[in-house]
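Undergrad: Provide a 3D model corresponding to the input given below.
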Amino acid sequence: MKIEICDAVTTGPNPVWHDSIWACQTAIVIRAVTIDAHGVLLLPDPTAINAVLEHFSCRTDEATCWKAHYRMIRLLDLAANPDWPTMNRSFAEALGVKPSDQVEAGAMLADRIYLGTAWISAPGAAAALEILTESGLRAAIVSNTVHGELAELLSRTGMCQVGGGLAPVAAIIDSRVVGIAKPDPRPFQMALGALNEPATNVVHVGDSLHSDVVGALGVGMSVVHIDPLNLCADHHHEHSYSFEDFVNNLIEQKKQIHPEDG
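TA: As a prediction, the model looks like this:
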């Protein structure tokens, strides 16, 4: 197979992850990456979560907070019409809140965490994004929010900026700001316009099967699903443990293709 390479190569239309390398039948040039923020670059702040849990004589650790997040995302992906009180209660349950307090705790957690800006940088994500952009690949953020303060949140957590001193991104597409949420194709198309790349040259990284995988594939992009708990059984798209893991694998592949850059 002859591979034509720009900056990195992944595969399509439905590549499969094998030993940290994308195995393929048809090569696709990857020039840029679009990234979901929540669950990929950012994770719920355990300090803020514990501040809520203290009202219910409960406390938890980082790992439990983040596992609860991915379990709730999986429930959302499986629900055709999400019952938000049930989702919130399930999140509280996963955090160890006793049954009699789960409804109240779930509502408080939703209001103070998921509807707000109490998020922190995911382990290794800021450094990985910097490595990605320094490697020559361009990036843009495409994320759904309720608060409309994504650009400020990414700056405050030391993640990225459009211009400025952090990892440079071409655009930060915040659903509340633009008025359109994933999986609608338009937020992805806005990011592609900012990157000045066709969909076939861009891979999207996100943690939601519904919003990210379905949305990105719908506009013709490749996609990597962040699924650290291995909850998604759909093998028609790629999966990765974390954004850091995704970048490390992508850079390692680039080194194999361009050893002179190593």
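Undergrad: And stretch 61-68, what's buried?
TA: For stretch 61-68, a neighbour-count test (16 or more other CB atoms under 10 Å) marks E62, C65, W66, K67, A68 as buried. C-beta coordinates here come from the backbone N, C-alpha and C atoms, glycine included.
Undergrad: Ok, stretch 221-231 next?
TA: M221, S222, V223, V224, H225, I226, D227, P228, L231.
Undergrad: Now flag whichever of these is closest to T47.
TA: Distance to T47, by CB to CB, is smallest for P228 among those, at 20.7 Å.
Undergrad: Quick check, the closest one in contact with E244.
TA: No. The pair P228 / E244 is not scored as a contact, 10.8 Å apart, by CB atoms under 8 Å.
Undergrad: Quick check: the gap between S57 and V97.
TA: As judged by CB to CB, to the nearest Å, S57 and V97 stand 9 Å apart.
Undergrad: Looking at those two, which is more packed in?
TA: Ranked by neighbour count (other CB atoms under 10 Å), S57 and V97 place V97 first, with 24 against 9.
Undergrad: How about the more buried one, nearest residue that isn't a chain neighbour?
TA: Spatial nearest neighbour of V97, excluding adjacent residues (CB to CB, 6 or more residues apart in numbering): A105 at 4.5 Å.
Undergrad: Wait, a strand at that neighbour?
TA: No. A105: not assigned to a strand; according to DSSP: H, G, I helix; E, B strand; the rest coil it is helix.
Undergrad: Tally up the residues packed near it, please.
TA: Neighbour tally, A105, other CB under 10 Å: 24.
Undergrad: Same question for V202.
TA: Counted with other CB under 10 Å, residues neighbouring V202 total 28.
Undergrad: what's near enough to touch the nearest residue to it once chain neighbours are set aside?
TA: Spatially, and ignoring its direct neighbours in sequence, V202 is nearest to A32 (4.8 Å; CB to CB, 6+ apart). Contacts for A32 (CB atoms under 8 Å, 6 or more residues apart in numbering) come out as L137, R138, A139, A140, A170, L195, E197, N201, V202.
Undergrad: and the third one, helix, strand or coil?
TA: In three-state terms, and counting by three-state DSSP, A139 is strand.
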